[in-house]
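Undergrad: Quick one: sequence and predicted model below, then my questions.
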Amino acid sequence: MSQGRQPDRRQPDRPRRDQVRWEPRPIGPDSLLWRYAGDRRLALAGLSAGIMQLLHPAIGAGVAEHSAFFSDPWDRIVRSIPQILGVIYDPDPEATGHRVRDHHRRINGIDHRGRPYRALEPATFWWAHATFQHAVKQVADRFDPHRLTAAERDDLYLDGVEWYRRYGVTMRPVPAGYWEFRAEWKRCCAEVLELTPAAERAIDIALHSRSLNVPFLPAWTRPFQPLTVTPVLRLTAIGGLPGAVRERFGIPWRIDEEVEYRALQIGIREAWRLIPGPMRLGPTAAAGNRALRERNRTAAAAAAAQFESEPTGTA
């Protein structure tokens with residue numbers, strides 16, 4: 001009997017990825033992606049997502065050669081995250097997605113092992129997006145009081161596929177469903193990722209840096225960051241990595257750190273219940289909500305004006 005990969009018996013009769021036709025899917029305030037991707041807790045999952053990107057050989061090489069990552073590790077985050085989230089929240093998200101895609105056209109070259117790479121190679125571009133999808137799911141799973149149901153996990157995954165569709169690239173690498181995504185994620189962790197120079201740098205920062213000067217925090221917090229912010233970022237950056245990835249690349253992680261990380265998750269879940277809704281949103285999501293409310297008001301006013309201008313019948 002063949003010892004190859006066996007089908008997932010829990011998901012019978014699922015289509016292969018080359019059989020799926022991905023149609024546009026609305027993403028709005030009622031969707032799970034809109035709810036989780038834009039709130040401030042994404043920062044707690046974003047650093048581990050960044051490391052997972054840099055562990056991909058092509059992405060690690062592209063970042064090393066086409067950005068100021070080694071001299072200014074925060075620059076890439078500050079520049080790219082608002083645009084990537086704009087593919088969800090902007091008034092014309094597909095236009096934003098196409099701009100992000102087009103920016104990557106020039107990112108190609110030869111990596112430190114002499115292998116050619118190209119940012120828009122389908123599997124490479126998809127992996128970068130997959131790390132963001134995984135980060136959003138981490139927000140829900142680790143830091144939110146609500147526990148996702150199986151159906152909600154499927155919905156969140158499909159929202160993430162629509163997010164990817166808006167870049168205007170081939171959908172060929174996209175797994176057909178949530179369970180297929182999980183299988184492909186694990187395969188990439190085991191077979192594709194490697195310890196690139198950029199990933200080594202990011203991991204070293206997470207493990208050892210004591211003065212991060214985090215750009216999205218007020219300047220007055222900098223003297224306190226080594227004792228407050230830095231330990232939290234270390235827990236979330238290293239703790240958020242899959243255990244198999246930490247083990248494969250020898251990234252240290254002690255039992256007491258796992259206990260601290262889980263305590264942090266519990267604390268944030270409980271505290272989040274007390275935070276007013278508007279304060280939960282990051283700037284891109286807040287701007288998206290404001291733009292949506294304005295569009296709704298404009299549409300309602302136009303509909304009311306049209307109704308008032310129509311002649312009324314007489315008895």
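TA: Thanks, I have the structure now. Numbering: from 1, shown residues only.
Undergrad: what's the burial count for Ile27?
TA: Close neighbours of Ile27, defined as other C-beta atoms under 10 Å, add up to 21. Bear in mind the C-beta positions are built from the backbone N, C-alpha and C, glycine included.
Undergrad: Equivalent analysis for Met171, please.
TA: Other residues near Met171 number 16, with proximity taken as other C-beta under 10 Å.
Undergrad: Three-state assignment for the residue lying closest to it once chain neighbours are set aside, please.
TA: In space, not counting the residues next to it along the chain, Met171 is nearest to Trp22; the distance is 5.1 Å by C-beta to C-beta, 6 or more residues apart in numbering. The local conformation at Trp22, judged by DSSP: H, G, I helix; E, B strand; the rest coil, is coil.
Undergrad: same check, this time on Gly109
TA: Gly109 falls in the strand class when you classify it by three-state DSSP.
Undergrad: What about Asp39? Give its phi and psi, please.
TA: Backbone torsions of Asp39, given as degrees, to the nearest 10, read phi -90, psi 170.
Undergrad: In terms of pLDDT, where does the nearest residue to it once chain neighbours are set aside sit?
TA: Among residues not flanking Asp39 along the chain, Arg280 sits closest, at 4.7 Å (C-beta to C-beta, 6+ apart). According to the prediction, Arg280 has pLDDT 91.
Undergrad: so Arg280 makes contact with Trp272?
TA: Yes - the pair formed by Arg280 and Trp272 meets the contact definition of C-beta atoms under 8 Å, at 7.4 Å.
Undergrad: before we move on, back to that, hmm, the residue nearest to Met171 is touching Arg172, no?
TA: No - using C-beta under 8 Å, Trp22 and Arg172 do not qualify as a contacting pair, with a distance of 10.5 Å.
Undergrad: Listing request: residues of the protein with sub-threshold pLDDT.
TA: Using pLDDT under 70 as the threshold, the predicted model of the chain has low-confidence ranges 1-19, 210-218, 220-221, 225, 311-315.
Undergrad: Ignoring the adjacent residues along the chain, who's closest to the most centrally placed residue in it?
TA: For the chain, Phe132 is the residue whose C-alpha lies nearest the centre (C-alpha atoms, centre = their mean; 1.8 Å). Distances taken as C-beta to C-beta, 6+ apart place Ala49 nearest to Phe132, at 6.1 Å, with adjacent residues excluded.
Undergrad: and that neighbour, how many neighbours?
TA: Counted with other C-beta under 10 Å, residues neighbouring Ala49 total 22.
Undergrad: That one against Lys137, yeah?
TA: No - counting by C-beta under 8 Å, Ala49 stays clear of Lys137, with 10.5 Å between them.
Undergrad: picking that back up, list residues touching both of Arg280 and Trp272?
TA: With C-beta atoms under 8 Å, 6 or more residues apart in numbering applied, the overlap between the contact sets of Arg280 and Trp272 consists of Arg41.
Undergrad: Of Trp22 and Arg172, give the one with the bigger neighbour count.
TA: The residue with the greater number of neighbours, taking Trp22 and Arg172 and applying other C-beta under 10 Å, is Trp22; the counts read 14 against 10.
Undergrad: Now do the same contact list for the more buried one.
TA: With the criterion set at C-beta under 8 Å, 6+ apart, Trp22 makes contact with 161-162, 165, 171, 174.
Undergrad: of those residues, closest to His112?
TA: Val174 (29.0 Å; C-beta to C-beta).
Undergrad: which residues sit in contact with that closest one?
TA: Residues near Val174 by C-beta under 8 Å, 6+ apart: 17, 20, 22, 126, 161, 164.
Undergrad: Filter those residues down to the buried ones.
TA: When burial is judged by neighbour count using 16 or more other C-beta atoms under 10 Å, the buried members of the contacts of Val174 are 17, 20, 126, 161, 164.
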